[in-house]
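In: Following is a predicted model, sequence given first.
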Amino acid sequence: MKPILHPLALLFAALLVCGCATRPPAPSPASASAPALRPERGQVWQLVALRGRDVSRSAAPVTLEFTPDAFSLKGHAQCNDYYADCRMRWLRSDPDGDRYSLSVSALAGGKVMCPEPAMNADSRYLALLAKADEMLLSAYTLVLYSRGREVLKFELL
């Protein structure tokens, strides 16, 4: 009878040791450094603040849409549609969202003539957009910065 118990005891000990040695897999460095949020194709953002000041929400809102896979952005300013090339690189996750470096180039748009206040608003907005060098993305807000200062703030439509 002793030989029957001995293999069972050995099997039990082996299972106990294997069970204790099993650990959940450690997160891979790639998943730990990946952004939780990314600008998605089809997400349209509406301008809500310019240099920290709230902007009125008009019938024709100022919008921004990233197309990250195509390295571009597009949108509508007060009068005209616009488009540009852009480069984004994830920097880090903050409690407020994910931070990206941002480079906007080849900014162009339509030439529809509008009343002077709207044309000036277009010019100011596009100039700030062109100077943006960092972006903070959260679930419902997108903030663009230039040299550490907030210049444009958007909310998801």
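Out: Perfect, thanks for sending it. Numbering: from 1, shown residues only.

In: Can you list the low-confidence ranges for this structure?
Out: 1-34, 57-59 (pLDDT under 70).

In: what are the ranges of the helices in it?
Out: Per DSSP state H, the chain carries helices over the ranges 2-21, 29-32, 116-131.

In: what's the last one packed up against?
Out: Counting contacts by 3 or more C-beta pairs under 8 Å, 6 or more residues apart in numbering; DSSP states H and E, helix 116-131 packs against strand 45-50, strand 81-94, strand 97-109, strand 141-146, strand 149-156. (Glycine included, C-beta is placed from N, CA and C.)

In: In JSON lines, list these along with mean neighbour count and distance to residue 121.
Out: Shown next, in JSON lines, are the helices and strands packed on helix 116-131 (neighbours: other C-beta atoms under 10 Å; distance: least, C-beta to C-beta, whole Å):
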{"stretch": "strand 45-50", "mean neighbour count": "20", "distance to residue 121": "9"}
{"stretch": "strand 81-94", "mean neighbour count": "15", "distance to residue 121": "13"}
{"stretch": "strand 97-109", "mean neighbour count": "16", "distance to residue 121": "13"}
{"stretch": "strand 141-146", "mean neighbour count": "20", "distance to residue 121": "16"}
{"stretch": "strand 149-156", "mean neighbour count": "18", "distance to residue 121": "13"}
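
In: Can you name the residues that contact residue 41?
Out: With contacts defined as C-beta atoms under 8 Å, 6 or more residues apart in numbering, the neighbours of residue 41 are 66-69.
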